[in-house]
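Visitor: any chance you can model this:
(2 chains)
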Protein chains: 2
Amino acid sequence: MTLSECAAWLRARDNFLIITHRRPDGDTLGSAAALARALQSLGKTAYVLENPETTPRYLPFVRELHAPDDYAPDFVISVDIAALDLFPQNANIYRSRVALCIDHHPSNSLYSKDALVDHTRAACGELIFELISLLGDLDVATATALYVAVSTDTGCFSYDNTTANTFYVASKLAEAGAPVAELNRVLFRAKSRGRIAIEGVICSQMEFFYGNRAAVVIITNEMTQRAGADEDDLDNVAAIPVSVAGVEVGVTIRELAGPFDCKVSVRSAPGVNSNDVCARFGGGGHSAAAGFARHEAAEKIKDRIVAVLADFLPGDPA
Amino acid sequence: MTLSECAAWLRARDNFLIITHRRPDGDTLGSAAALARALQSLGKTAYVLENPETTPRYLPFVRELHAPDDYAPDFVISVDIAALDLFPQNANIYRSRVALCIDHHPSNSLYSKDALVDHTRAACGELIFELISLLGDLDVATATALYVAVSTDTGCFSYDNTTANTFYVASKLAEAGAPVAELNRVLFRAKSRGRIAIEGVICSQMEFFYGNRAAVVIITNEMTQRAGADEDDLDNVAAIPVSVAGVEVGVTIRELAGPFDCKVSVRSAPGVNSNDVCARFGGGGHSAAAGFARHEAAEKIKDRIVAVLADFLPGDPA
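Guide: I've put the predicted structure just below:
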C-alpha cells in the first residue's frame, strides 16, 4: 500500500481500533495516539486499545483515547507491530482480523489484510505524520504525540536511523507546536534516581569480548531491586553497551519474572547485523537493534551469544 | 545587517580571515570551516585563523583551511564570538579591525564594523547555513561542518534552544550529505571505557540531601585510577548529579593532585544560583554553573557545602 492509498483507505472507512505493541515505547504509543486523534478530527470513531503494559512516562494523554470496554470496532489497525507475537495479551482476540498494519520494521511478517510498511523510516511516527499530512491538519496534541514517537525511536536524533526526513518531520512537528524543549527534558535529559543507579550498575558490570568489539551486560532482578529501578528506569538501557567507543555489538540480557525468563537486546554499529544475530535465537528486529526472549539462565545465554558472535566478529573471543 | 545584506557584503569582497573563539567548540569551528569553504568555492581567498586551543575532537578537517603564516587579510570576520575578550591569544592583533561579526549570542557586544547577530538561532551554524544558501550550493564537507556546529550547540537537538528551524537546517544538511550517523556516534554516543567506568562509579556513589533536591558526589583519585579514566573522560562529569530528576543543585567534589587538593563544581536548575553557592567558598561562575578550589579533605568539603545549601534549599538536610 502506498501512503496515498492508505490515506484513501482510512478516509473511506470508520469505527477503528488501534493496537500498540507489548512493552510499549514512545513510537507505538505516540503513533497510535496521533492516528486516533487525526481520525477523530475527521469525524470518525477511533480509539486506542488500552495497553496493559503502558506506563505514564511517555504519553499520559494516550489515556483519553482509550476504547470503551464495550467498543466493537469495524477495522483494527496495528501500529509499529512487526509480528503477531508482539501483540499485548488483551489484543490477541484481534490477531486474525487486523485490517491494516502501519509499521517500519524490516522484519514485518505481513500478518494483516493490508499493510503500509516502510523500513526506511526511523520511526513509525514518520509514516503516521505523512499519513496525517494527507488527511488534514496537525494540531498541537497530535504533533506532541508524533514528536514523542519520532524522538524516542531515534534517541533524540542521535541513532543511526536518523535521516533527513526524520529532521524534516521534527521541524514540522515543532512548527505545529510540539513543546520540544519540555519533551526533551522529560524524555532525554532528566534521569530518575533509579535510572542513575541502574546505569551505574550497568557501567560497572559490563564485560568486554573480541578485543572490546563486543560488550555484554546481565541485569538481574536483584540488581534492579537494589538500584530501586522500575520498568521505566530500564527503558532503553540496551543502548548503553554499544555506546562504548570501539564496541560494534552490545548485548543486554535482562531477567524478567524469574531467573530463567530473560529478554535479550542486541544493538550494533553498521557492520554487524543485530537482526541476524537474534535470528540465531529465533528473534529479530532491525539491523541496528533487535532482540529475543529465552528461557535459560542469563549466564548461559551470555555464553551462547558470545559464541555466536564469533561469526559476526571473527577473532579470539577473549 | 540582514542575511541578504550580509551575503551581498561577502560577495562584493575578497581576502577573508575567519576567527573562532577561545576554548573553541563545535559551533565556532564548524561555522568558520563552513564559511571559509563556501567563500573559497566562490573563487575567493578565505582562511580560518588557527586556534591554538583547538582539539581534534570536533572537526579535524578545519586544519586544511588554516591561514598560511604570512597571510595578510583584507577583511576579518569573527564567528560565534560574543565579545573581544573571547578572542584567542593569536587573534588579539585583529581586535580593532573586525569587519564583520556573525553571532547568535544575546550578549554580543557589537564590537565589529558590521554585524549579523540573531539570538533566536540555537547555533551560529544556523546563520552560516542560511548565508551559504544565499551564496551558492552546499557541498558535503560544508554540510558536515555545519552539522557539527548545529548538533553540538544543541546537545544533539536535546537542549531548550532547539527550534523548528534547527531541525529544518539539520534536514537540509543531512540531505546535502552530512554523515549524520557517523557524526552522532563520534560526537554524542561513543564513550570510552574509562568514561563508562567513571560514570558508573559516579552514579553509584552519588548521595542525596534535602529530600533529593541536592546531589553530591566525591571523585577520589583512587576512583579515577580504578576506572582507568583520564582527563578527557572526566570532561563535564559535573553535569551528572544535576541531571537526576528533581535535583536542583548538583555538586561534584574532585580530588586533584592529592587528597587535600579538591576542585568543586556546582551545577543548578533555575531557582538555585550556583554562583552564590560558590561565592561562600571564594569561588564563582554563572548562575547555572560555578566552582571553587579548596585545600581540605573531600568529605569535609562535602559536609560544609551540604550545610551551606540549607540557605538555598530550606528544609531538613536528611
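Visitor: hey, let's count contacts and neighbours off CA atoms from now on
Guide: Noted.
Visitor: so which residues on the stretch 201-318 of chain A come close to chain B?
Guide: A:201, A:202, A:203, A:204, A:243, A:244, A:245, A:246 (CA under 8 Å from any CA of the partner chain).
Visitor: what do you get if the cut-off is 10 Å, keeping everything else the same?
Guide: Counting by CA under 10 Å from any CA of the partner chain, the stretch 201-318 of chain A comes close to chain B at A:201-206, A:208, A:212, A:227, A:239-247, A:269-270.
Visitor: show me chain A divided up by domain.
Guide: Chain A is divided into the following domains under automatic domain parsing: A:3-189, A:193-311.
Visitor: related to what we said a few turns ago, quick check: ChimeraX command selecting the buried ones in the residues of the stretch 201-318 of chain A next to chain B.
Guide: The ChimeraX selection below is limited to those of those classed as buried (16 or more other CA atoms under 10 Å in any protein chain shown):
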select /A:201,202,203,204,206,208,212,227,239,240,241,242,243,244,245,246,247,269
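Visitor: narrow the residues of the stretch 201-318 of chain A next to chain B to those in strands?
Guide: Judged by DSSP state E, the subset of those located in strands is residue A:208.
Visitor: sort out for me which of the residues of the stretch 201-318 of chain A next to chain B are in helices.
Guide: Among these, the residues falling in helices (DSSP state H) are A:201, A:202, A:203, A:204, A:205, A:227.
Visitor: circling back: reformat the domains of chain A into CSV and put distance to residue B:30 and mean pLDDT next to each item.
Guide: Output for those, formatted as CSV (distance: least, CA to CA, whole Å; pLDDT from 0 to 100):
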stretch, distance to residue B:30, mean pLDDT
domain A:3-189, 18, 94
domain A:193-311, 23, 93
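Visitor: out of the ones you listed, flag the one nearest residue B:114.
Guide: Between residue B:114 and the domains of chain A, the shortest gap by CA to CA is with domain A:3-189, which sits at 30.9 Å.
Visitor: gap between the two ends of that closest one?
Guide: 34 Å (CA to CA, to the nearest Å).
Visitor: stretch A:280-295 now?
Guide: 15 Å.
Visitor: distance from stretch A:62-78 to the middle of the chain?
Guide: 21 Å (CA atoms, centre = their mean, to the nearest Å).
Visitor: so which bits of it are buried?
Guide: Within stretch A:62-78, the residues scored as buried using 16+ other CA under 10 Å are A:62, A:63, A:65, A:66, A:67, A:73, A:75, A:76, A:77, A:78.
Visitor: so of the residues you listed, which ones are in strands?
Guide: Reading strands off the buried residues of stretch A:62-78 with DSSP E, I get A:75, A:76, A:77, A:78.
Visitor: which of the residues you listed sits closest to residue B:310?
Guide: Using CA to CA, residue A:78 is the member of those that sits closest to residue B:310, with 52.8 Å.
Visitor: got the contact list for stretch A:267-274?
Guide: A:159-160, A:214-215, A:238-243, A:246-252, A:265-266, A:275, A:277, A:283-291, A:309, A:311-313, B:181-182, B:185 (CA atoms under 10 Å, 6 or more residues apart in numbering or on different chains).
Visitor: recalculate using a threshold of 6 Å.
Guide: A:248, A:249, A:250, A:266, A:287, A:288, A:289, A:290 (CA atoms under 6 Å, 6 or more residues apart in numbering or on different chains).
Visitor: now do stretch A:33-42
Guide: With CA under 6 Å, 6+ apart as the criterion, stretch A:33-42 contacts A:46, A:47, A:62, A:142, A:145.
Visitor: who in the stretch 51-200 of chain A is up against chain B?
Guide: Neighbours of chain B within the stretch 51-200 of chain A, by CA under 6 Å from any CA of the partner chain: A:158, A:160, A:164, A:167-168, A:171, A:174-175, A:181, A:184, A:190-192, A:196-197, A:200.
Visitor: max pairwise distance over these: which two?
Guide: A:175 and A:200 (37.4 Å).
Visitor: more neighbours: those two, which one.
Guide: Ranked by neighbour count (other CA atoms under 10 Å in any protein chain shown), residue A:175 and residue A:200 place residue A:200 first, with 23 against 19.
Visitor: OK, contacts around that one?
Guide: B:200, B:203, B:204.
Visitor: try it again with 8 Å
Guide: Contacts for residue A:200 (CA atoms under 8 Å, 6 or more residues apart in numbering or on different chains) come out as B:199, B:200, B:201, B:202, B:203, B:204.
Visitor: quick one: the fourth one and residue B:219 touch, right?
Guide: Yes. Contact between residue B:202 and residue B:219 holds when scored by CA atoms under 8 Å: they sit 7.3 Å apart.
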